[in-house]
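Engineer: Sequence plus predicted model, see below.
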Amino acid sequence: MMDTLPIWGFVVTIVLCILGGAIAGFFLARWYFKRELQKNPPINENMIRAMYRQMGRNPSEAQIRQIMNQMKKNQ
């Protein structure tokens, strides 16, 4: 004797699998993105110094720290 899954059971199973995959994908992508940002921050102190030099200014250490603190506060 062969038991078959009713059509509504099949549809519910497919919807639950898609929903579970989307949720798992979201959390996996968020974890990966956070990890990459920690390894490769979008901007660092050397980049700020280079930006100031390109503008023809010589930044003080206090200015660099101030910019870094503002960026950390905005994250």
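Structural biologist: Nice, I can see it.
Engineer: secondary structure element for the most centrally placed residue in the chain?
Structural biologist: In the chain, the centroid-proximal residue (CA atoms, centre = their mean) is F33; its distance is 3.2 Å. Here F33 sits within helix 7-39, counting by DSSP states H and E.
Engineer: Could you report the neighbour count for Y32?
Structural biologist: Neighbour count for Y32, taken as other CB atoms under 10 Å: 10. Every residue, glycine included, has its C-beta placed from N, CA and C.
Engineer: Pull the contacting residues for it.
Structural biologist: Residues near Y32 by CB atoms under 8 Å, 6 or more residues apart in numbering: none.
Engineer: Now stretch 29-49: average pLDDT?
Structural biologist: The average pLDDT for stretch 29-49 rounds to 89.
Engineer: what's the nearest residue to E45 once chain neighbours are set aside in contact with, if anything?
Structural biologist: Among residues not flanking E45 along the chain, I64 sits closest, at 5.4 Å (CB to CB, 6 or more residues apart in numbering). In this structure, I64 makes contact with E45, I48, R49, judged by CB under 8 Å, 6+ apart.
Engineer: Separate out the buried members of these.
Structural biologist: I48 (16 or more other CB atoms under 10 Å).
Engineer: Restricted to helices, list the contacts of I64.
Structural biologist: Counted as lying in helices by DSSP state H, out of these, are E45, I48, R49.
Engineer: Just put those residues in a markdown table and tack on distance to R57.
Structural biologist: Below are those laid out as a markdown table (distance: CB to CB, whole Å):
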| residue | distance to R57 |
| --- | --- |
| E45 | 15 |
| I48 | 11 |
| R49 | 10 |
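Engineer: how about the helix holding F33: buried residues?
Structural biologist: By 16+ other CB under 10 Å, helix 7-39 has no buried positions at all.
Engineer: I'd like the distance from it to the chain centre, please.
Structural biologist: Remark: helix 7-39 is offset 15 Å from the chain centroid, using CA atoms, centre = their mean, to the nearest Å.
Engineer: Same check on stretch 49-57?
Structural biologist: Distance, stretch centre to chain centre, for stretch 49-57: 29 Å (CA atoms, centre = their mean).
Engineer: Stretch 46-56 too?
Structural biologist: Mean C-alpha position of stretch 46-56 versus that of the full chain (CA atoms, centre = their mean) differs by 26 Å.
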